[in-house]
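J.: no FASTA, just this:
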């Protein structure tokens, strides 16, 4: 499972970096989104991977999973979501004002 | 009251921002008064905090009373208070300049301005690495809105680059934070400092990678070479008061580098001690050189000032990169000076551009400016301050920096770069000044009433008075920054204040 998750994060990051380096705003936004997915999974995995364990210590539970990365990733998702919405609006504004969807406004 | 002093500077701009948002339909004059009042109170809080920590106390505020390292803490030490006061003073004059109509050229200027201050205050006061990320995002989101304030094609393009770069930077920040948490199991900075010293050998490469990634992110904010390319376009396109406020944003990067370097990767960090040392000084010197060269090559006044901000980030990080108490103290003395001087330069560049019609801030000979004596006089004083000529505090800052470098292995490199960069800056500003004020043609158009000109330039004069105050009060200020530097080099005080006991 660890190898699979590492592979997923790696592929997402690689695709994100590739797209973010493109010249048009739409691929750039997609690239940033993929990067934020990758980092969210990465943060989540930092609490170590465990299946079926509760995040809260109770008498009954023998082992538990670290709840903090879940809280961190929730914050990161909210911020990433707001940022993506903002950058999409900005890209549309740039498209309208510069007359081109190239990041430098060139054709 | 004293118990809550560490959180008050964070809450005040947030509340002011919320109130201003709710009052968005109220008359603009009421909102202006409220916004200025909030900034003045922030200065008061900055002063109160500075007095409270001046004798070496470290105020710790545990949010929700959850003890560190489990809860989030705000920590106010000498360094935080110094930066907070600098920010609040700068914000007051930037805001006063904006009141002349720039604040109504778009929506929600005052709300975004207050939220920017909220993010800045939080970044300086937080004692938790993830919380630092959150405050970075707060101040960045507000800065995106402020940068785009007023609209315009070029501004939108510069804004797009700025936003995309910073989003990529935020992602790297999260990767670094995630790695540190995965390896060390904490994000509280004091606890990180304690854990990092006991890193087992197999985890050292991971901690090093995370630390350098973090350094990369802060270098992006601080505009350190080669991550400085975004700054000239963004700052030159922003409206004048926004550009003036943004001058402090590169200092947030420099602050973060200093804090993380001294606290987490300082001398007591065992296997990862001195992580940044091989990188910081050479990069800072290169940044200083490229900033000075850019200033000479600029063909627009605002771009020139933006390159001077790059150069000042280089000087600042050179001082921090010396990694000695004298070096850090020199940098901390230089920091408010360069912030105020560069902000004043952005404001005067705007006032000049507004009087040159089509030419705006292009560095070509143009018509004689109305009120050119006052403008020229202020430009001269600002240039003296930025270049670091006597008698202003810039000279003292450069002098302290060079004196701190005397015992350093890199003495020749530091000396040569700082002095040559100073000379290049002098040439650049002298050329701009003579182009703008001497090589003008035609008679001066009828000057506007002297009172109106003075009212417009009062914030610029105010910033210069602060530079003057920093010069006159150089003794107490130098004593304070030396105490700050010695506090930073004894991170166990910070760790002890946050975690208690151990």
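T.: Structure's in. What do you need? None of these values were measured; they are calculated from a predicted model. Residues are numbered from 1 along each chain as shown, chains lettered A, B, ... in the order given.
J.: For residue 64, grab phi and psi.
T.: Unless you meant another one, I'm taking chain A. Dihedral pair for residue A:64: phi -140, psi 160, per degrees, to the nearest 10.
J.: how close does it sit to residue B:191?
T.: Counting by Cβ to Cβ, to the nearest Å, the gap from residue A:64 to residue B:191 is 21 Å. All C-beta spots, glycine's among them, are computed from the backbone N, C-alpha and C.
J.: likewise residue B:311?
T.: Taking Cβ to Cβ, one finds residue B:311 at 37 Å from residue B:191.
J.: more neighbours, these two?
T.: Set side by side, residue B:311 and residue B:191 give different neighbour counts by other Cβ atoms under 10 Å in any protein chain shown, the larger being at residue B:311 (28 against 24).
J.: surely the more buried one meets residue B:304?
T.: No: checked against Cβ atoms under 8 Å, the pair residue B:311 and residue B:304 is beyond contact range at 10.4 Å.
J.: Now the common contact residues for those two.
T.: Common contacts of residue B:311 and residue B:304, defined by Cβ atoms under 8 Å, 6 or more residues apart in numbering or on different chains, comprise B:294, B:295.
J.: Quick one, grab the pLDDT at residue B:452.
T.: Looking at residue B:452, its pLDDT is 76.
J.: Now the phi/psi pair for it, please.
T.: When read as degrees, to the nearest 10, the backbone of residue B:452 gives phi -60, psi -40.
J.: what about it, neighbour count?
T.: Under the neighbour criterion other Cβ under 10 Å, residue B:452 is assigned a count of 11.
J.: residues touching it, list them.
T.: Applying Cβ under 8 Å, 6+ apart as the definition, residue B:452 turns out to have no contact partners.
J.: Can you tell me how far it is from residue A:9?
T.: Here the distance between residue B:452 and residue A:9 works out to 60 Å (Cβ to Cβ).
J.: What of residue B:16?
T.: Plainly put, residue B:16 is 41 Å away from residue A:9 if you go by Cβ to Cβ.
J.: And residue B:357, by the same measure?
T.: Residue B:357 sits at a distance of 55 Å from residue A:9 (criterion: Cβ to Cβ).
J.: Same drill for these two, tell me which one is more crowded.
T.: In terms of neighbours (other Cβ under 10 Å), residue A:9 is the more surrounded of residue B:357 and residue A:9; the figures are 19 against 9.
J.: Could you check the helix or strand containing that one against chain B for contacts?
T.: Applying DSSP states H and E as the criterion places residue A:9 in helix A:2-20. Yes: part of helix A:2-20 sits near chain B under the criterion Cβ under 8 Å from any Cβ of the partner chain, namely residue A:20.
J.: thought residue B:480 was touching residue B:85?
T.: No: using Cβ under 8 Å, residue B:480 is not in contact with residue B:85; the gap is 10.5 Å.
J.: Get me the contact residues on the stretch 1-150 of chain B for chain A.
T.: With Cβ under 8 Å from any Cβ as the criterion, the stretch 1-150 of chain B comes near chain A at residues B:130, B:134, B:137, B:141, B:144, B:148.
J.: which ones are touching the residue nearest to the first one when sequence neighbours are not counted?
T.: To tie it back to what came earlier, the one meant is residue B:130. Distance criterion Cβ to Cβ, 6 or more residues apart in numbering or on different chains; nearest residue to residue B:130, sequence neighbours excluded, is residue B:187 at 4.8 Å. Counting by Cβ under 8 Å, 6+ apart, residue B:187 touches B:128, B:129, B:130, B:177, B:180, B:181.
J.: OK, contacts around the residue nearest the centre of chain A?
T.: Against the mean C-alpha coordinate of chain A, by Cα atoms, centre = their mean, the closest residue is residue A:36 at 1.8 Å. Contact analysis of residue A:36 by Cβ under 8 Å, 6+ apart lists A:76, A:80, A:83, A:84, B:167, B:171.
J.: Tell me the one of those nearest residue B:104?
T.: Of all these, the one with the least separation from residue B:104 (Cβ to Cβ) is residue A:83, at 27.4 Å.
J.: and the closest one, how many residues sit next to it?
T.: As a burial measure, residue A:83 scores 22 neighbours (other Cβ under 10 Å).
J.: And the helix holding residue A:9, what does it pack against?
T.: helix A:25-45 (3 or more Cβ pairs under 8 Å, 6 or more residues apart in numbering or on different chains; DSSP states H and E).
J.: what's the closest non-adjacent residue to whichever residue of the stretch 301-450 of chain B sits closest to chain A?
T.: Per Cβ to the nearest Cβ, the residue of the stretch 301-450 of chain B with the smallest distance to chain A is residue B:303, at 16.7 Å. If the residues on either side of it in the chain are set aside, residue B:303 comes closest to residue B:236, at 4.5 Å by Cβ to Cβ, 6+ apart.
J.: Which helix or strand contains that neighbour?
T.: With DSSP H and E as the criterion, the answer for residue B:236 is helix B:230-237.
J.: now the strands for chain B?
T.: For chain B, strands defined by DSSP state E occupy the ranges B:59-62, B:73-76.
J.: Highest mean neighbour count out of these?
T.: Each of the strands of chain B was assessed for mean neighbour count using mean count of other Cβ atoms under 10 Å in any protein chain shown. The highest is strand B:73-76, with a mean of 25.
J.: how distant is that strand from the center of its chain?
T.: Here the centre of mass of C-alpha atoms in strand B:73-76, compared against the chain's by Cα atoms, centre = their mean, to the nearest Å, lies 20 Å away.
J.: tell me what that strand is packed against?
T.: With contacts defined as 3+ Cβ pairs under 8 Å, 6+ apart, strand B:73-76 has these neighbours: helix B:28-53, strand B:59-62, helix B:109-125, helix B:189-196, helix B:491-499.
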